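Q: Here is my input; please provide its structure:
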Amino acid sequence: MYSSCNAGYKFPIKLIRTLRLPFPFSPQTYQKPDALHWEVTVFIRIISGKVRPGSWSEFQRAYLHAVADAGAIEGLAGRWLTQDADDPDSGTTISLWATREALEAYEKSDVLRDKINARLSPFFVGEYRTSKSKVLFAEGDPAPSEWGGSDS
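A: Numbering: from 1, shown residues only. Reported below is the predicted structural model:
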């Protein structure tokens, strides 16, 4: 109901295997650092901050409705809302992007400004931090090979 991601988005990930290794690869299974590397164009956007004391439940409802109303966003493959385990008024949003260009277009978009931030900004207190990062290594479920990319 609340998904605003492009389901089935095909990432422009190219996995380079210089040796035949089991995937997912991890340093615990093989120590040669140049044995496996990626050419990756996947980015993550992380925002951390605080909401008004005691307003998390209301903020979470507003967040879910805001991202649902925003609709599908080009290049967005996934997003998470997390609540700090030790401070219930703090949290983080994490979004996974197919390209840096898609992420930056979203940051400049009317959708973010008018449909998401306009609904959520009344909850924020103090400073919040935004960072953008290139994904260099991923492990777990789903494995990067299952993110919809190809190894060709």
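Q: Looking at this structure, which strand is longest?
A: strand 124-134 (DSSP state E).
Q: what's residue 84 sitting at in phi/psi?
A: Main-chain torsions, residue 84, degrees, to the nearest 10: phi -60, psi 130.
Q: Leaving aside the residues adjacent along the chain, what's closest to it?
A: Spatially, and ignoring its direct neighbours in sequence, residue 84 is nearest to residue 90 (3.9 Å; Cβ to Cβ, 6 or more residues apart in numbering). All C-beta atoms are positioned from the backbone trio N, CA, C, and that covers glycine.
Q: so for the longest strand of the chain, what's the average pLDDT?
A: For strand 124-134, mean pLDDT is 92.
Q: same deal with stretch 60-76?
A: Rounded mean pLDDT across stretch 60-76 is 95.
Q: Where does pLDDT dip in the protein?
A: 1-41, 139-152 (pLDDT under 70).
Q: all strands of it, in order?
A: 14-17, 36-39, 43-51, 76-83, 90-97, 124-134.
Q: What residues of stretch 114-134 count as buried?
A: For stretch 114-134, burial by neighbour count (16 or more other Cβ atoms under 10 Å) applies to 115-116, 119-120, 123.
Q: Just give me the closest of these to residue 133.
A: residue 116 (20.4 Å; Cβ to Cβ).
Q: could you measure that closest one against residue 79, distance?
A: 11 Å (Cβ to Cβ, to the nearest Å).
Q: okay, and the common contacts of these two?
A: Common neighbours of residue 116 and residue 79, counting by Cβ atoms under 8 Å, 6 or more residues apart in numbering, are residue 67.
Q: before we move on, the earlier item: check contacts around the residue nearest to residue 84.
A: Contacts of residue 90 by Cβ under 8 Å, 6+ apart are 48-51, 83-84.
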